[in-house]
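In: quick one, fold the following:
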Amino acid sequence: MSMFDTTGQTADGAARKENTLRKLERMNQALRHEEPDRMPISDFFWGGFVERWRREYYKPWVAQTVAYAHAHGLPVIYHGCGNSNIQVWETGDRDAIRREVLRKLNAAKGGGFIFQSDHSVSSAGSGHSYDYGVRLVREYGRYPIQLGDCEEPL
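Out: The predicted model follows:
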């Protein structure tokens with residue numbers, strides 16, 4: 001396979017899987033500070049990587065910083081980009097919107113959470129989808145937070 005050969009959506013499942021595994025191995029080599037033969041640039045990689053990094057490194061650091069401030073009697077005002085993924089709302093898929101909203105409301109269990117979109121609300125989404133998302137926030141965003149099948153341990 002040359003540098004510009006790809007196996008996209010038209011390839012059979014086995015070829016796509018093999019190509020994806022090669023891409024992942026190259027990315028892992030780069031992350032281990034080894035030199036891969038080339039570096040694929042793919043959005044599919046960063047989604048999982050960023051979520052994992054935020055959960056394993058960034059959120060604990062924020063929690064420690066806030067705990068330190070509180071221990072010293074300091075108030076904390078934290079603005080963190082990346083709340084509810086408005087692009088999910090734009091799909092119009094009510095099940096996906098519900099999962100997105102309720103998953104993010106897990107963060108409200110400790111109090112002090114302001115629900116917001118992670119991007120500007122664009123005209124790509126329907127008013128019906130936006131209204132549905134807001135209704136979910138109003139219904140499930142009341143204390144004590146009860147999220148049913150979308151409960152996640154803190």
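
In: okay, now residue 19: neighbour count?
Out: With neighbours defined by other C-beta atoms under 10 Å, the count for residue 19 comes to 17. Every C-beta, even on glycine, is put in place using the N, C-alpha and C of the backbone.

In: the host helix or strand of it: which residues count as buried?
Out: Counting by DSSP states H and E, the element that carries residue 19 is helix 13-31. Counting neighbours by 16 or more other C-beta atoms under 10 Å, one finds that the buried residues in helix 13-31 are 19, 22-23, 26-27.

In: packing partners for that helix?
Out: With contacts defined as 3 or more C-beta pairs under 8 Å, 6 or more residues apart in numbering; DSSP states H and E, the secondary structure elements packing on helix 13-31 are helix 43-53.

In: centre of the chain to the helix or strand just after the helix it packs on, how far?
Out: Taking DSSP H and E as the definition, the helix or strand that follows helix 43-53 towards the C-terminus is helix 59-71. Centroid separation for helix 59-71 versus its chain: 21 Å, with C-alpha atoms, centre = their mean, to the nearest Å.

In: next secondary structure element downstream of helix 59-71?
Out: Using DSSP H and E, the helix or strand that follows helix 59-71 towards the C-terminus is helix 86-90.

In: next SSE downstream of that next one?
Out: helix 94-105.

In: contacts for that next one, please.
Out: Identification of contacts with helix 94-105 by C-beta atoms under 8 Å, 6 or more residues apart in numbering yields 83-85, 88-89, 91, 113, 115, 129, 132-133, 136-137, 140-141, 145, 147-148, 150, 152.

In: buried residues, that helix. List them.
Out: Along helix 94-105, these residues count as buried under the neighbour rule (16+ other C-beta under 10 Å): 97-98, 100-105.

In: what about that helix, average pLDDT?
Out: Mean pLDDT, computed over helix 94-105, is 91.

In: dump the buried residues of helix 94-105 into CSV; add distance to residue 57 as well.
Out: Putting the buried residues of helix 94-105 into CSV (distance: C-beta to C-beta, whole Å) gives the following:
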residue, distance to residue 57
97, 29
98, 29
100, 23
101, 25
102, 25
103, 20
104, 20
105, 23
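
In: for residue 65, give me its contacts.
Out: For residue 65, the set of contacting residues under the criterion of C-beta under 8 Å, 6+ apart is empty.

In: name the nearest of the buried residues of helix 94-105 relative to residue 49.
Out: Closest to residue 49 out of the buried residues of helix 94-105 is residue 103 (18.4 Å), distances taken as C-beta to C-beta.
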